[in-house]
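**Student:** build me a model:
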Amino acid sequence: MKTSSLAFAAVLGTQIAPAFATTSNAQQEDVWQLLSQIEVQEVISGDTYRVDKSWPDGIPATPRMVEITGFAVPLYPGDEVRELLLSSDTGFCPLCGSPDHGATLQVTLDEPLTGFEEGSRISVQGTLARVTDTETWQAARMTGAKVVRN
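**Tutor:** Purely as a prediction, here's the structure:
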């Protein structure tokens, strides 16, 4: 059995509570803090596999509108970007294969971005929801997002 206190992609999704849906930087940092508190436990037994997840109280079962700021990388190549992987810090590399990266959040935008520069710092507002699928480490994601600052 393997345990990780950093939900290997609380975004491969990283995707809290209405109190954090404001634009203040301090409150946005709390969203990242909540995402980093998600716990994931991989359970392998014989020929069965599942991922058990637990979320802090600040990430309710009901999806909520939040705003979060981070550094974005497109999930797919192309001139128009609709899906991003958002990270709290450019020093954390969620795609480098290290399990020690910080929390990340998969973001699906309502409207695609054009001319997007990889690694840009942006703020997005959208619906944050738990990912309860027991076959993935992804524990949260944001959908219906709009860029509010970039």
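**Student:** rest of the way, CA atoms for contacts and neighbours
**Tutor:** Will do.
**Student:** could you confirm residue 34 falls within a helix?
**Tutor:** Yes. Residue 34: assigned to a helix according to DSSP: H, G, I helix; E, B strand; the rest coil.
**Student:** for it, give its distance to residue 140.
**Tutor:** Plainly put, residue 34 is 11 Å away from residue 140 if you go by Cα to Cα, to the nearest Å.
**Student:** with neighbour numbers in mind, choose between those two.
**Tutor:** With neighbours defined as other Cα atoms under 10 Å, residue 34 and residue 140 compare such that residue 140 has more, 28 against 18.
**Student:** what bridges to that one?
**Tutor:** Following DSSP bridges, residue 140 is listed with bridge partners residue 130.
**Student:** my read: it touches residue 105, true?
**Tutor:** Yes. Applying Cα atoms under 8 Å, one finds residue 140 in contact with residue 105, separated by 6.9 Å.
**Student:** which pLDDT value belongs to residue 39?
**Tutor:** What the model reports for residue 39 is a pLDDT of 92.
**Student:** how many neighbours does it have?
**Tutor:** Applying other Cα under 10 Å, I find that residue 39 has 20 neighbouring residues.
**Student:** do the one 5 residues further on as well
**Tutor:** Applying other Cα under 10 Å, we find 12 residues neighbouring residue 44.
**Student:** so is it in a helix, a strand, or just coil?
**Tutor:** Going by three-state DSSP, the secondary structure assigned to residue 44 is strand.
**Student:** make 24 the first number, not 1, from now on.
**Tutor:** In the new numbering, first residue 24, that becomes residue 67.
**Student:** was I right to think it contacts residue 73?
**Tutor:** Yes. Contact between residue 67 and residue 73 holds when scored by Cα under 8 Å: they sit 6.7 Å apart.
**Student:** mind checking the pLDDT average for stretch 136-146?
**Tutor:** Across stretch 136-146, pLDDT averages out at 90.
**Student:** can you check the pLDDT for the residue located most distally from the centre of the chain?
**Tutor:** With distances taken as Cα atoms, centre = their mean, the residue sitting farthest from the centre of the chain turns out to be residue 69, at 30.7 Å. The score at residue 69 is 93. That number is its pLDDT.
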